[in-house]
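Novice: Take this sequence and fold it.
(one chain, ligands or ions: 1)
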Amino acid sequence: MGLTERLLDTVSEPALAAEPAARPRRALAVLTCMDPRVDPLAALGLRREDAHVLRNAGGMVTSDVIESLSVSQRMLGTREIVVLHHTGCAGLGARAHGRRAEPALREAVRTIIAARRIPHRDQVHGLLLDTATGRVREVTGPAAQPPHPAAATHGPGAAHPVPGTHQCAWCHRPFAPTGRSRWRHSGAYCGDLCRLAARRAKGAHH
Ligand code: ZN
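Specialist: The predicted structure is shown next:
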């Protein structure tokens, strides 16, 4: 008996019965690597039903990935995209010819932002997972794009955000509490990812 047949034999009935809704609950799509050390749900503090998860060697933005992200947003209501790369990635090494993790991640995010088939590209985050420590940090996000004119006067180093904006307690980016994305207005954080990241960090310290 092959491995797949043995796995199918052990699929439990409750697992099949608990079929999740087709629309991800957090309106999120995650692109990551097929590396077995990467558990994207655990890394981001998500449940299975929260997000679409796309995986390939290196977590690279192929035409197939762009098509899937387009379907994810157009038909299944997702708005935010996370590209989760990791340290020591063999897939990235093989496919991007030894390109280092951070430049490859930035390029992946840029490719998504340039993909006009994907309707919503204002919340694309590039996160890097350190497979040795399990820590995730944001390498590139909306702040890396040319600043919005209204935000240009208060960069990350500004002590006081201009009136009418908030400063994210995690990434220190200014954000408008009345943003289009419903995930932006989650209290002190500019988005759901920052809220999750802060919660994870808090958990790690206690
Ligand atoms: Zn990898």
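Novice: Could you use CA atoms for every contact and neighbour count after this?
Specialist: Will do.
Novice: give me the number of residues near the nearest residue to Ala27 once chain neighbours are set aside?
Specialist: The spatially closest residue to Ala27, leaving aside those adjacent along the chain, is Thr78, at 3.8 Å (Cα to Cα, 6 or more residues apart in numbering). Using other Cα atoms under 10 Å, Thr78 has 23 other residues around it.
Novice: what does Arg48 give?
Specialist: 14.
Novice: Got phi/psi on it?
Specialist: Torsion angles at Arg48 (phi, psi; degrees, to the nearest 10) stand at phi -50, psi -40.
Novice: correct me, but it touches Leu41?
Specialist: Yes - using Cα atoms under 8 Å, Arg48 makes contact with Leu41 at a distance of 6.8 Å.
Novice: returning to that earlier point: which residues touch the residue nearest to Ala27?
Specialist: Thr78 sits next to Arg23, Pro24, Arg26, Ala27, Leu28, Ala29, Ser72 when contact means Cα atoms under 8 Å, 6 or more residues apart in numbering.
Novice: just Arg23 next, same as before
Specialist: Arg23 touches Leu76, Gly77, Thr78, counting by Cα under 8 Å, 6+ apart.
Novice: of all those, which comes closest to Ala115?
Specialist: Thr78 (15.7 Å; Cα to Cα).
Novice: Are we agreed that the closest one is in a strand?
Specialist: No - under the criterion used here (DSSP: H, G, I helix; E, B strand; the rest coil), Thr78 is coil, not part of a strand.
Novice: So which residues of the protein form helices?
Specialist: In the chain, the helices defined using DSSP state H lie at 3-10, 13-17, 40-44, 63-76, 90-95, 101-113, 192-205.
Novice: Cool, thanks, signing off.
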